[in-house]
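Participant: attaching a predicted model along with its sequence, questions to come.
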Protein chains: 2
Amino acid sequence: MNQSEFSHDQLDVAEALRAAGLQVTAQRLAVYHAVQATPHAIADEICQAVRLELGVISRQAVYDALNAMSEHGIIRRIQPAGSAARYEHRVDNHHHLACRNCDNLIDIDCAIGEAPCLVAEHDHGYQIDEAEVTYWGICPDCLSHGGSS
Amino acid sequence: MNQSEFSHDQLDVAEALRAAGLQVTAQRLAVYHAVQATPHAIADEICQAVRLELGVISRQAVYDALNAMSEHGIIRRIQPAGSAARYEHRVDNHHHLACRNCDNLIDIDCAIGEAPCLVAEHDHGYQIDEAEVTYWGICPDCLSHGGSS
DNA sequence: GCTAATTCTTGACAGTGTAAAGAATTGGTC
DNA sequence: GACCAATTCTTTACACTGTCAAGAATTAGC
């Protein structure tokens, strides 16, 4: 499998930022690094991870970096129901599996492979470009620790 | 199609509340009525609609009613990315079509018909009960009024 | 090194949703 | 109709997510 397209290292990120017309800063590289190291993290967790790497960074700079990079397709923003926005570095077409009991969220590869991987019956005049799929269920951990509670 | 299972009127809601072990109160009936009258409304809009009907209601009572009813399957809670939670009275298996430009959100009937209407390739040990699908695109209004902005 | 544009820091703010304690209401029973 | 226990509503306060704005610092290009 050709993963190099989707797992950027620091150099690739710098190039991607420049290609998007964004400046390359230590903060943005560190934010990307944190997203890569801890997929599905929320903004606050990324903020803490970046502080471990850089020492200090403002909350606003983290939000700016996350928004700027997700708007340009360098990272991907996902927002499961009942949770704050989460971020991940994989930008290929894949979906998510969420636990109703805990906040666990994992990736699922798309069975089709290319976006939009589903076609709606009626598009109602919309120009559809993506089908976001979230599977809901109970994760193995919660199942084994008494799923009925 | 047997839609009577899914489109409750006030009496049905009272029965559904009792069946769920919840008390029947004017506030809850009014909240359900508001959800039914304005699908995809956020909590604040529902709060305002209920105040038109009842006169006064506390914000907390609205949240309580929405949470209690959605937990028991009487209404359904959806949470599109970048927006607060929205509520709808249809609890059958259908999906949503969201505009990236404005906040427009409409229903799409499920092509398959029964939940979960999709099967993940690998369930990773999860006990999956629902596949939530959100189609993202540009709505006809935004397309005609210059979709590039 | 210098300049213009972008980005980061700092502080404040709006909106969503929850927590807790006491008052009011509901449902069941007498 | 009255009473009681349980639930629900009101009120107030709070945590959290995310944004806005102004000035300082950094980046990229020359």
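Facilitator: Good, I have the coordinates.

Participant: for the longest strand along chain A, which helices and strands make contact with it?
Facilitator: If you go by DSSP state E, chain A has its longest strand at strand A:127-138. Under the contact definition 3 or more CB pairs under 8 Å, 6 or more residues apart in numbering or on different chains; DSSP states H and E, strand A:127-138 sits against strand A:94-99, strand B:127-138. For the C-beta atoms, the positions are set from N, CA and C on the backbone; glycine is no exception.

Participant: try 10 Å
Facilitator: On a contact count with 3 or more CB pairs under 10 Å, 6 or more residues apart in numbering or on different chains; DSSP states H and E, strand A:127-138 meets strand A:94-99, strand A:105-109, strand B:94-99, strand B:127-138, helix B:140-144.

Participant: list the contacts for the spatially closest residue to residue A:20 that is not a sequence neighbour?
Facilitator: Counting by CB to CB, 6 or more residues apart in numbering or on different chains, residue A:20 lies nearest to residue A:72, which is 3.9 Å off, once chain neighbours are set aside. Residue A:72 is in contact with A:16-17, A:19-22, counting by CB atoms under 10 Å, 6 or more residues apart in numbering or on different chains.

Participant: now residue A:72: how far from residue A:64?
Facilitator: For residue A:72, the distance to residue A:64 equals 13 Å [CB to CB, to the nearest Å].

Participant: do residue A:16 as well
Facilitator: In this view, residue A:16 and residue A:64 are 16 Å apart by CB to CB.

Participant: against which helices or strands is the worst-scoring helix or strand of chain A on mean pLDDT packed?
Facilitator: Each helix and strand of chain A was given a mean pLDDT (mean pLDDT, DSSP states H and E); the minimum falls on helix A:10-19 at a mean of 83. The contact analysis (3+ CB pairs under 10 Å, 6+ apart) places helix A:10-19 against helix A:26-37, helix A:59-71.

Participant: how far is the last one from where the chain is centred?
Facilitator: So the one you mean is helix A:59-71. Offset of helix A:59-71 from its chain centre (CA atoms, centre = their mean, to the nearest Å): 13 Å.

Participant: give me the mean pLDDT for it.
Facilitator: Taken as a whole, helix A:59-71 has an average pLDDT of 95.

Participant: so does that helix get close to DNA strand D?
Facilitator: Yes. Using CB under 7 Å from any atom of the strand, helix A:59-71 reaches DNA strand D at A:59-60, A:63, A:67.

Participant: one more: stretch A:75-94?
Facilitator: Yes. Residues of stretch A:75-94 contacting DNA strand D under CB under 7 Å from any atom of the strand: A:79, A:84-85.

Participant: for those residues, which one is nearest residue A:126?
Facilitator: Residue A:126 has its nearest neighbour among the residues of stretch A:75-94 next to DNA strand D in residue A:79, at 19.6 Å by CB to CB.

Participant: picking up where we left off before, other residues contacting the least confident helix or strand of chain A?
Facilitator: Identification of contacts with helix A:10-19 by CB under 10 Å, 6+ apart yields A:4-5, A:8, A:22-25, A:28-33, A:35-36, A:65, A:68-69, A:72-75, A:89, A:91.

Participant: ok, the closest residue to residue A:102 other than its chain neighbours to residue B:129 distance?
Facilitator: Ranked by CB to CB, 6+ apart and with sequence neighbours excluded, the top spatial neighbour of residue A:102 is residue A:142, at 5.8 Å. Using CB to CB, residue A:142 is found at 13 Å from residue B:129.

Participant: overlap in contacts, the two.
Facilitator: Taking CB under 10 Å, 6+ apart as the contact rule, residue A:142 and residue B:129 both touch residue A:100.

Participant: so for these two, which sits in the more crowded spot?
Facilitator: The residue with more neighbours, out of residue A:142 and residue B:129, is residue A:142; 18 against 12, by other CB atoms under 10 Å in any protein chain shown.
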